[in-house]
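Enquirer: Got a predicted model here, sequence first, then my questions.
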Amino acid sequence: MRKIIAAAAIAASLTMPLAARADSGDVEAKITSVDPATQTIVLDNGKDYHTPSEFNYEGLEPGVEVVIYYSEENGKRVIDDLEVIE
């Protein structure tokens, strides 16, 4: 019985990092629209990304190329970090 529990614990610990990675990602694309009222940024990949409540939109406008690091929360892509590519 102890071997079965140990094997299950090892299997769970090996799959945990994969589950965490499935909920986050990054994307490089150009901005097509910025809407502070709805707290969203839409990229030319057709997907929208939600900004945190305290977010600085300065310099973000259509045509600006960015890298967005995001996580998925309740089916929404939420921005964790954003870098402007110059």
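Expert: Received it, and whenever you're ready, just let me know what you need. Residues are numbered from 1 along each chain as shown.
Enquirer: Could you use CA atoms for every contact and neighbour count after this?
Expert: OK.
Enquirer: Where does pLDDT dip in the protein?
Expert: Low-confidence regions of the chain, defined by pLDDT under 70, span residues 1-22.
Enquirer: try it again with 90
Expert: Along the chain, segments meeting pLDDT under 90 span 1-24, 53, 86.
Enquirer: ok, longest strand in it?
Expert: Ranked by number of residues, the top strand in the chain under DSSP state E is strand 24-35.
Enquirer: elements contacting that one?
Expert: With contacts taken as 3 or more CA pairs under 8 Å, 6 or more residues apart in numbering; DSSP states H and E, strand 24-35 sits against strand 40-43, strand 65-73.
Enquirer: winner for burial among these?
Expert: Mean neighbour count, computed with mean count of other CA atoms under 10 Å, is highest for strand 40-43 among the helices and strands packed on strand 24-35, reaching a mean of 20.
Enquirer: Please state the offset of the next helix-or-strand element following that strand from the chain centre?
Expert: Using DSSP states H and E, the helix or strand that follows strand 40-43 towards the C-terminus is strand 48-50. The chain centre lies 9 Å from the centre of strand 48-50; the measure is CA atoms, centre = their mean, to the nearest Å.
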